[in-house]
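Undergrad: would you be able to build a 3D model of this:
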Amino acid sequence: MVENIIRCKWSLSVIDLVKRGVDRPGAMVKSVEGLTTKVLNERLRKLVRFGIFERQEFAEVPPRVEYRLTSFGEKFTVLLDSIDALQNDLDANGR
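TA: Numbers count the residues shown, from 1 in each chain. Okay, here's the model as predicted:
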């Protein structure tokens, strides 16, 4: 699961968006150049299946769906932040 997410730039982008409060699919597509609705929906389904996101549907017209990090997802983002910090250290030291 971890390898599947870390290898996918779209999964990392979507996790970052939700972490920053962008929780609706339409806003996500508008926020990331090149991200298509098809790819986004695939990534969202996978992140929900892995237990990183939870999906909340609202009985409204038009229908509204939001995504948020689960408690596991919040722990997982700490891991991603640590990996990012390590990469920044490597970059700063010319490695």
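Undergrad: using CSV, write down the CA coordinates of the helix or strand bottoming out on mean pLDDT in the chain.
TA: Each helix and strand of the chain was given a mean pLDDT (mean pLDDT, DSSP states H and E); the minimum falls on helix 2-6 at a mean of 83. As requested, the backbone C-alpha atoms of helix 2-6 are provided in CSV (Å, rounded to 0.1, in the frame of the first residue of the first chain):
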residue,chain,number,x,y,z
VAL,A,2,2.7,2.5,1.0
GLU,A,3,4.7,1.8,-2.2
ASN,A,4,1.6,2.2,-4.3
ILE,A,5,0.9,5.6,-2.9
ILE,A,6,4.5,6.9,-2.8
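Undergrad: I'd like the next helix or strand past that helix.
TA: helix 9-19 (DSSP states H and E).
Undergrad: got the buried residues for that following helix?
TA: By neighbour count, and taking 16 or more other CB atoms under 10 Å as the criterion, the buried residues in helix 9-19 are 10, 11, 12, 13, 14, 15, 16, 17, 18, 19. Glycine gets a C-beta too; all of them are placed from N, C-alpha and C.
Undergrad: ok, back up a step: just how off-centre is the least confident helix or strand of the chain within its chain?
TA: Relative to its chain's centre, helix 2-6 lies at 12 Å (CA atoms, centre = their mean, to the nearest Å).
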